[in-house]
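1. the sequence and its predicted three-dimensional model are supplied below.
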Amino acid sequence: MFFYLIRRILYAIPIALAVGLVCFMLVQIAPGDPINAIVPADAPAEVVEQVRRDYGLDKPLPVQFVLWLGRVVQGDLGRSLATGRPVTADLRSAVGNTLMLALVAAFIGFVMGSILGTVAAVFRGTVLDKLAVGLAAAGVSIPHYWLGMVLVVFFSVTLNWLPAMGAGPGGSGDWEWNWAHVQFLVLPAVTLSVIPMGIVTRTVRGVVMELLAQDFVTTLRGKGLRRGGIALHVLKNAAPSVLAVMGLQLGYLMGGSILVETVFSWPGTGFLLNSAIFQRDLPVLQGTILVLAIFFVVLNLAVDLVQTALDPRIRRA
């Protein structure tokens, strides 16, 4: 297991470097000049060139990448072109808010998806199965930003039960686990949980149905094992496959929440990315994309290790 861990970490290093290169190049080839976010449109050419030199944008792209990568290794993601603040300071709070939203949404989606998928597999071909499959199809088909707007209109505007945007009363950024703050989390978390709920439902249904048809389940039933014991054996065998899907979905929740965070003005990485895109703020774009991509790589590594611990066949392979 130790050597497997070392091997997986060594595999992750070149992936992280490639991710850094892709993040840097994608932002660089985007249209527009980032200097426009700093200097006014009527600024003299000498001022524009001086600002360009100050931010190192006058150097060739390979040199810019090497310098940027060297700062990243030291934990320095640069300063925002729009605000002048360190990118790490903005990312620290944004990543925390997005991680909290993603974990709550993942909990809702994974629990509901596991329940619906198991019920659909056990009661295959019944009304419960069709209802679960229909909910799963709706979950992966409905655009979550549209669903977010519908929920805002219904629960915030019509019923006035929950706040429509923000992360705290009065725009406060200091999070506390009380109803005054948690109510701001309800609508974006429910909106974000719909897609993983649908995907997990279909995955659990397919895996459990396949396992229930295998010979070892028939043998367990023939030995007189109760349903609870059979369910434990089925869940243990289904765990590695389902866990892999859940890990990917958690990564997607972290990186794919930009539209939901924009709809609800949730101060996370998605909202930060959206602002940086319109302001052409290169350091914020590069830093945010890099942090999210590295998080996805680390999450995949963690899922691989947990799968190996749960499934001895992977260790033997």
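-> That came through, no problem. Numbering: from 1, shown residues only.

2. pLDDT on the one helix or strand residue 97 maps to, on average?
-> Using DSSP states H and E, residue 97 maps to helix 87-122. Average pLDDT, helix 87-122: 90.

3. and that helix, what does it pack onto?
-> helix 127-141, helix 179-212, helix 227-255, helix 269-279, helix 282-310 (3 or more C-beta pairs under 8 Å, 6 or more residues apart in numbering; DSSP states H and E). Any C-beta I mention is one placed from the backbone N, CA and C, and that applies to glycine too.

4. what helix or strand is the closest residue to residue 59 other than its chain neighbours on?
-> Distances taken as C-beta to C-beta, 6 or more residues apart in numbering place residue 67 nearest to residue 59, at 7.4 Å, with adjacent residues excluded. Applying DSSP H and E as the criterion places residue 67 in helix 61-73.

5. which residues touch that helix?
-> 20-21, 24-25, 28, 56-57, 59, 77-78, 286, 290 (C-beta atoms under 8 Å, 6 or more residues apart in numbering).

6. ok, 10 Å please
-> Outside helix 61-73, the residues within contact range by C-beta atoms under 10 Å, 6 or more residues apart in numbering are 17, 20-21, 23-25, 28-29, 55-60, 76-78, 282-283, 286-287, 290-291, 294.

7. before we move on, the earlier item: what is the neighbour count of the residue nearest to residue 59?
-> The number of residues packed near residue 67 is 13, by other C-beta atoms under 10 Å.

8. one more: the one 10 residues further on?
-> Around residue 77 sit 22 other residues, with neighbours defined as other C-beta under 10 Å.

9. just for the chain, where's the confidence low?
-> Applying pLDDT under 70 to the chain flags residues 1-2, 27, 30-34, 36-38, 170-174, 311-317.

10. for the residue nearest to the spatial centre of it, give its distance to residue 187.
-> Centroid-nearest residue in the chain, with C-alpha atoms, centre = their mean: residue 254, separated by 1.8 Å. According to C-beta to C-beta, to the nearest Å, residue 254 and residue 187 sit 19 Å apart.

11. what of residue 150?
-> Distance from residue 150 to residue 187, by C-beta to C-beta: 10 Å.

12. ok, residue 136 - contacts?
-> 112-113, 116-117, 120, 194, 197-205.

13. closest to residue 140 among these?
-> residue 198 (3.9 Å; C-beta to C-beta).

14. can I get the helices and strands packed on helix 87-122 in CSV with distance to residue 158?
-> Shown next, in CSV, are the helices and strands packed on helix 87-122 (distance: least, C-beta to C-beta, whole Å):
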stretch, distance to residue 158
helix 127-141, 21
helix 179-212, 13
helix 227-255, 28
helix 269-279, 25
helix 282-310, 35
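
15. residue 102 is nearest to which of these?
-> helix 227-255 (4.0 Å).

16. from the contact counts, what lies against the helix or strand just after that closest one?
-> Remark: after helix 227-255, the chain's next helix or strand is helix 258-264, criterion DSSP H and E. Secondary-structure packing of helix 258-264 (3 or more C-beta pairs under 10 Å, 6 or more residues apart in numbering; DSSP states H and E): helix 87-122, helix 144-151, helix 179-212, helix 269-279.

17. TSV please, covering these and showing distance to residue 307 and mean neighbour count.
-> Compiled in TSV, the helices and strands packed on helix 258-264 are given as follows (distance: least, C-beta to C-beta, whole Å; neighbours: other C-beta atoms under 10 Å):
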stretch	distance to residue 307	mean neighbour count
helix 87-122	16	20
helix 144-151	28	17
helix 179-212	14	21
helix 269-279	27	21
